[in-house]
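> got a sequence here, can you build the structure:
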Amino acid sequence: MNTTPAPTSRRAAIDAAVDSAPSFPGPTLPHSLEAEANLLSCCILDGTTAVARCLGAKLTARSFYDPKHGTIFAALVALHGRQDAIDAATVAEELRTRGELETVGGWAFICQVSGYVPTTSQLVYFLRVVREYWILREVIRAASKLSEDCRHYDGDMKALLSPPVVWFQSALARVVHGERAGGSLSERGAEVKQELAARAAGTEDTSRWIHTGMPTFDKRCRPLGSDSEDHLVVIGGGSGHGKSALMRQWAGGALLAGKTVVNYTRETSIKGWLRQLASNWARCDLRSLAEAPADHAKRLQDEMDRMLGYVDKSLFVYQQEPGCSLETVEDLVAHARSWAWQHGAPSLVVIDYLQLFSTARRVGSREQEVAHISHTIQALQRELGSVFVIGAQLNEAGLREMREAKHDEDGRLLHRLPTAGDFRESQAIFHDADRVIAMYRPPEDCRGAVNYGPDVQMPEQWLVQIKRRYGGEAAVKCWFEKRFLNFREFVLADHAPAEAPGSTPASAAPPSAPRSKNQWKGGAK
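Residues are numbered from 1 along each chain as shown. This next block holds a predicted model:
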């Protein structure tokens, strides 16, 4: 008969027993010291980009089997957080400052780790190996605790099955998706309290924000992901308004800021996506490249080389093709989950565009089908926690009204702005989104010229934020440079930024006229 007194806290007693006397000896736990050393060498060699990739995969110092490797990774994260240079010397000095240099084996061990000198293209491979072994060790540890629960069975089968199973699932979710997954209501409340205190003190964590590269937009409408429920962003517009171009431009800005970007494209092919982003970066017209000056082709090649440096490290583009089914929203969810399991949740997911997907679920109408697709993508975003930017089509009836030029008694143009009812096939797209950016092209531009037609190569286009859960309806006026697939914000003549080489000079672009000509009646400022 067991005479051991019952512990005050059964859960705490089990945790303490497992932690102090592991059922699985250390050497038997899955690990690869070579992969860990090579990953750290990649981080030292590639610097900020590699460390950001590891953080995106949810790696922490505890993710490494060798505590010395974990200590070095913590130093790398500290350097990355301060935006300091990363190399063997700075890592050693950081460890010396923290009093941990001798703990890891001194300068000799740093040289040994950095001496592997793998190519940066191997980063994804070693990151996947280290992460998979880390997940396996966490699963073994969680299974050990669950086994201890079963050993302490007290006759209440309901109590045995419910809490441990829920805890076990939550533990695995935390490994795959980070500390966002699971957690009690009190824990989440404490996190909210800390976030509010940091915001009030001006020390809010902005490392996961996605800046669009458009300063006026970021100031008026706020960067993407700048609030906890500000991650599901819908871009609504008509055909030819530049939805794909805008999402591609924002994805390019996120890449340049060191973010990890995953694109699901049904609108264009993978080659087309890469080609058009290179055109945007180089400001070269692909349609007349053969007649362009020689330096345009050189710029385009340079930008392609820069883009290839991101490919398969922080840039991933997928299309419907053999081996990658993206026909239904269920295919999309399965692929995104698999990708996040292997690499960690990406910083930005771009889906172009929502109404091109179908569903394997039997529904009664197309409206119900699109609503189900929207609900499913919203659930996927909540699961991964990444910023999602999704394109959506507006219906033709609303677009026809927007194209119709109407003036008041003073001759001022009356703007018919997009609304929730303008989304094609289902308003669920609007209601599920955290933010909705509607693309509005006035019938006349700020000079009074016609803004539609095949001869209009640089139409005036407004990005109108018609919904944000935290408030902040606003609009930003842009020129849509069709030649470069680029949105350029209106700027005052005396504050015009320097033009990129080979771009249209500010004097040649349509001027930014005051609003007295075409007054926007009733709307965001």
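
> state the distance from the residue most central in space within the chain to residue 468.
Taking Cα atoms, centre = their mean, the centroid of the chain lies closest to residue 348, which sits 1.5 Å from it. Using Cβ to Cβ, to the nearest Å, residue 348 is found at 18 Å from residue 468. (Glycine included, C-beta is placed from N, CA and C.)

> where does the stretch 101-250 of the chain dip in pLDDT?
117, 120, 153-184 (pLDDT under 70).

> please repeat the previous calculation with a cut-off of 80.
Along the stretch 101-250 of the chain, segments meeting pLDDT under 80 span 116-121, 139, 142-185, 187-188.

> tell me where it has strands.
Counting by DSSP state E, counting those that start in this stretch, one finds strands in the stretch 101-250 of the chain at the ranges 232-237.

> mind listing the helices for it?
Under the criterion DSSP state H, counting those that start in this stretch, helices of the stretch 101-250 of the chain are mapped to 106-114, 123-151, 157-177, 185-201, 215-221, 243-256.

> how far is the fourth one from where the chain is centred?
I take that to be helix 185-201. Taking Cα atoms, centre = their mean, to the nearest Å, the mean C-alpha location of helix 185-201 is offset from the chain mean by 23 Å.

> how about it as PDB, C-alpha atoms only?
What follows is helix 185-201, C-alpha atoms only, in PDB (Å, rounded to 0.1, in the frame of the first residue of the first chain):
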ATOM      1  CA  LEU A 185      -7.400  33.700 -19.600                       C
ATOM      2  CA  SER A 186      -5.500  35.100 -16.600                       C
ATOM      3  CA  GLU A 187      -2.200  34.600 -18.500                       C
ATOM      4  CA  ARG A 188      -3.500  36.400 -21.500                       C
ATOM      5  CA  GLY A 189      -4.900  39.100 -19.300                       C
ATOM      6  CA  ALA A 190      -1.400  39.600 -17.800                       C
ATOM      7  CA  GLU A 191       0.100  39.800 -21.300                       C
ATOM      8  CA  VAL A 192      -2.400  42.500 -22.300                       C
ATOM      9  CA  LYS A 193      -1.500  44.400 -19.100                       C
ATOM     10  CA  GLN A 194       2.200  44.300 -20.000                       C
ATOM     11  CA  GLU A 195       1.500  45.300 -23.600                       C
ATOM     12  CA  LEU A 196      -0.500  48.300 -22.500                       C
ATOM     13  CA  ALA A 197       2.200  49.300 -20.000                       C
ATOM     14  CA  ALA A 198       4.900  49.100 -22.700                       C
ATOM     15  CA  ARG A 199       2.800  51.200 -25.100                       C
ATOM     16  CA  ALA A 200       2.300  53.900 -22.500                       C
ATOM     17  CA  ALA A 201       6.000  53.900 -21.800                       C
END
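
> one step back: what's near enough to touch the residue nearest to the centre of the chain?
210, 224, 250-251, 254, 259-262, 386-389 (Cβ atoms under 8 Å, 6 or more residues apart in numbering).

> could you export these as CSV, including neighbour count?
Formatted as CSV, these follow (neighbours: other Cβ atoms under 10 Å):
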residue, neighbour count
210, 25
224, 27
250, 25
251, 25
254, 26
259, 26
260, 25
261, 24
262, 25
386, 27
387, 28
388, 26
389, 28
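
> where do the helices of the stretch 301-450 of the chain begin and end?
Counting by DSSP H, counting those that start in this stretch, the helices of the stretch 301-450 of the chain are 329-343, 366-384, 396-403, 428-432.
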